[in-house]
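Participant: let's see this in three dimensions:
(one chain, ligands or ions: 1)
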Amino acid sequence: MSAANPIETRDSTPLGTQQWLPFTPNREFLADPKLFASASRQHYYDASGRAILDGSSGLFTTPAGHGRQEIAQAVYDQLLKMDFCAGFTRAHAGSFALAERLAGLLPEPLNHVFFASSGSDAVDTAMKISIAYHRARREPSRTMFVSRERAYHGSNLSGTALSGMVNNRRAFGNPVSGVVHMRHTWLPEQRMQPGQPTVGAELADDLLRLIQLHGAENIAACVVEPVAGSTGTLVPPVGYLDRLRELCTTHGILLVFDEVICGFGRTGESFAAQSFGVTPDIITMAKAITNGAIPMSAVAVSDEIYRTVIDSAVDDGIEFFHGYTWSGHPVACAAALATQDIYANERLFERGRALSPYFLNQLHTLADLPAVFDIRGYGMIAGIEIHPDGKPGQRGHRLQKHLFEQGLHLKATGDTAILAPPLIFEREDVDRMIGLLRDALAALD
Ligand code: PMP
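Facilitator: As a prediction, the model looks like this:
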């Protein structure tokens, strides 16, 4: 065991160096740690009690705001009632109740839900379900996946292979073969255009080119985020998702929407599939399913997929050889059910939909600042891309750090700041966020 190597943070909390932080420049972090100490509603607080406005709903996780009593109580009660339920041929009623609840939110005919515990697990599960489905239909050659440049589908090896983010894809994407990429959906003509882009639907025909090159009989699924979130908010052009749907249907390829960010009101409806009027065969979800309180994810599939796989004959009766110790964890289910009650009782998705025009209009008032290259957004998610300065991503990183000092938490990816406020935000919170952004962006020059 290494000796503790405490360093003094500005709030005097001694930190050791034993923890290896994810997606973080670790040395830089330890030299100037950014620590949250508590959270309530739309704010984080540091140890000195300084409020930091949460402009990213944590990490797209917390639409109902932090510290929700109802979720805490449900978790506490469930921990005492039954802390863990042995899965795999055993189950508990809470997971059935949650699946039924989710099916009520999902578009028809997505009526069946498989539980996992992270977005990355959900993506893995969706890929395996796709393969299992084709195998059950006696099309076992369908094992390839089509995804997109500038996509993020999690950190497991398979999701990394699907992802089209240069850093993680190049470093670790190759061990999983059989993944090919379409172009992303951003075009220069879309720059600074408010609303859903009207140009770029033809980019969906990349799928047709890949079908021609690799053969539809080898392709299992096409996996896309309806709005690409982690790579800077890329909104699908009008008609783009419809075209993907049409091509997938024609060629027997499953369409998977990775809604780990979009799900639960982010685009104004329960799922982005409903916002854009396009129904995929599979939807992955995570993050906001429990308002971020307990790790949980889920994969929703159509009646056709469920029936086909369930009906497939396997020697020992198990149709789908897949699952996690934490699948349908009772405490996570309790948190998710309490979360869904809050969303419904407070009509949070409608609230977000009503606030969205104000949020997006206010963002566009930043358009004439010299640092700003592009502003994109849909529903309650948006990206402000700034002109790079030196190495790509450095200026974005500086902006994020500066904003934290000024009292605004945002996720930055490369040179894009991503905004995804909690759906409990009031107009005054939007104004405060925009004010802090305006000052920080002006200070960059
Ligand atoms: N898919 C998408 C679209 C995501 O945005 C993310 C996380 N940002 C993931 C998958 C992975 O989720 P997790 O970090 O919970 O594994």
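
Participant: distance of the residue in the chain that the ligand sits nearest to relative to residue 275?
Facilitator: Relative to the ligand, the nearest point of the chain is residue 119 (2.1 Å; Cβ to the nearest ligand atom). Heads up, the C-betas are built off the backbone N, CA and C, glycines and all. Distance of residue 119 to residue 275, computed by Cβ to Cβ, to the nearest Å: 19 Å.

Participant: neighbour-wise, which of the two wins?
Facilitator: residue 119 (29 against 22; other Cβ atoms under 10 Å).

Participant: return the residues in contact with the more buried one.
Facilitator: Shown in contact with residue 119 (Cβ atoms under 8 Å, 6 or more residues apart in numbering): 154, 159, 258, 260, 284, 286-287, 297.

Participant: go with 10 Å
Facilitator: When the contact criterion is Cβ atoms under 10 Å, 6 or more residues apart in numbering, the partners of residue 119 are 60, 152-156, 159, 230, 258-261, 263, 284-287, 289, 295-297.

Participant: residue 285 too?
Facilitator: So residue 285 contacts 102, 105-106, 113, 119, 122, 257-264, 270-271, 296-300 (Cβ under 10 Å, 6+ apart).

Participant: what's the burial count for the closest residue in space to residue 205 that isn't next to it in sequence?
Facilitator: Spatial nearest neighbour of residue 205, chain neighbours left out: residue 243 (7.1 Å); criterion: Cβ to Cβ, 6 or more residues apart in numbering. Residue crowding around residue 243 was assessed by other Cβ under 10 Å; the count is 19.

Participant: which sections of the chain are below the confidence cut-off?
Facilitator: Low-confidence segments of the chain, defined by pLDDT under 70: 1-14, 313-316.

Participant: and it, what are its domains?
Facilitator: Following automatic domain parsing, the chain resolves into domains at 36-64+347-443, 71-345.

Participant: with respect to residue 22, which of the ones you listed lies nearest?
Facilitator: domain 71-345 (7.9 Å; Cβ to Cβ).

Participant: endpoint to endpoint, that closest one covers what distance?
Facilitator: One end of domain 71-345 to the other measures 13 Å (Cα to Cα, to the nearest Å).

Participant: from the chain's centre, how far out does it sit?
Facilitator: 10 Å (Cα atoms, centre = their mean, to the nearest Å).

Participant: likewise stretch 42-51?
Facilitator: 25 Å.

Participant: show me the contact partners of it.
Facilitator: Here stretch 42-51 makes contact (Cβ under 10 Å, 6+ apart) with 9-13, 34-40, 52-55, 57-58, 62, 65-67, 404-405, 407, 409, 421-426, 429, 432-433.

Participant: got the phi/psi numbers for the closest residue to residue 384 other than its chain neighbours?
Facilitator: Nearest non-adjacent residue to residue 384, counting by Cβ to Cβ, 6+ apart: residue 417, 4.8 Å away. Phi and psi for residue 417, reported as degrees, to the nearest 10, are phi -90, psi 130.

Participant: beta partners of residue 417?
Facilitator: For residue 417, the beta-bridge partners are residue 384, residue 412 (DSSP bridges).

Participant: thinking again about what came up before, which secondary structure elements does the helix or strand harbouring the residue nearest to residue 205 contact?
Facilitator: Per DSSP states H and E, residue 243 falls inside helix 240-250. Identification of packing neighbours for helix 240-250 by 3 or more Cβ pairs under 10 Å, 6 or more residues apart in numbering; DSSP states H and E yields strand 144-148, helix 206-214, strand 219-224, strand 254-258, helix 272-276.

Participant: kindly compare burial across these and name the winner.
Facilitator: With neighbours taken as mean count of other Cβ atoms under 10 Å, the helices and strands packed on helix 240-250 reach their highest mean count in strand 254-258, at a mean of 29.

Participant: export the helices and strands packed on helix 240-250 to TSV and tack on distance to the ligand?
Facilitator: Converted to TSV, the helices and strands packed on helix 240-250 look like this (distance: least, Cβ to the nearest ligand atom, whole Å):
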stretch	distance to the ligand
strand 144-148	11
helix 206-214	19
strand 219-224	9
strand 254-258	4
helix 272-276	11
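
Participant: closest to residue 305 out of the ones you listed?
Facilitator: strand 254-258 (7.4 Å).

Participant: need the contact list for residue 206.
Facilitator: If you count contacts by Cβ under 10 Å, 6+ apart, then residue 206 has 146, 148-149, 180-185, 244, 247 around it.

Participant: what's the closest of the residues you listed to residue 208?
Facilitator: The closest of the contacts of residue 206 to residue 208 turns out to be residue 247 (Cβ to Cβ; 5.8 Å).

Participant: so the closest one touches residue 212, yeah?
Facilitator: No. In this structure residue 247 lies outside contact range of residue 212 using Cβ atoms under 10 Å: 11.1 Å.

Participant: all helices for the stretch 1-150 of the chain, in order.
Facilitator: For the stretch 1-150 of the chain, the helices defined by DSSP state H, counting those that start in this stretch occupy 26-31, 57-60, 69-81, 93-105, 119-136.

Participant: want to throw these into a markdown table with distance to residue 196?
Facilitator: Listed next are the helices of the stretch 1-150 of the chain as a markdown table, based on distance: least, Cβ to Cβ, whole Å:
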| stretch | distance to residue 196 |
| --- | --- |
| helix 26-31 | 37 |
| helix 57-60 | 20 |
| helix 69-81 | 33 |
| helix 93-105 | 22 |
| helix 119-136 | 24 |
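
Participant: quick one: closest of those to residue 391.
Facilitator: Nearest of the helices of the stretch 1-150 of the chain to residue 391, taken as Cβ to Cβ: helix 26-31 at 13.8 Å.

Participant: relative to the whole chain's centre, how far out is that closest one?
Facilitator: 26 Å.

Participant: residue 410 contacts residue 55, correct?
Facilitator: Yes. Between residue 410 and residue 55 there is a contact under Cβ under 10 Å: 4.6 Å.

Participant: which one of those two is surrounded by more residues?
Facilitator: Under the criterion of other Cβ under 10 Å, the comparison of residue 410 against residue 55 puts residue 55 first, with 26 against 23.

Participant: tell me who's in contact with that one.
Facilitator: The contact partners of residue 55, taken as Cβ under 10 Å, 6+ apart, are 42, 382, 403, 408-411, 417-422, 425, 429-430, 432-434, 436-437.

Participant: ok, it to residue 354 distance?
Facilitator: Distance, residue 55 to residue 354, using Cβ to Cβ: 19 Å.

Participant: can you tell me the helix or strand for the residue most central in space within the chain?
Facilitator: Centre of the chain computed as the mean C-alpha position; nearest residue by Cα atoms, centre = their mean is residue 261, 2.5 Å away. Using DSSP H and E, residue 261 maps to neither a helix nor a strand.
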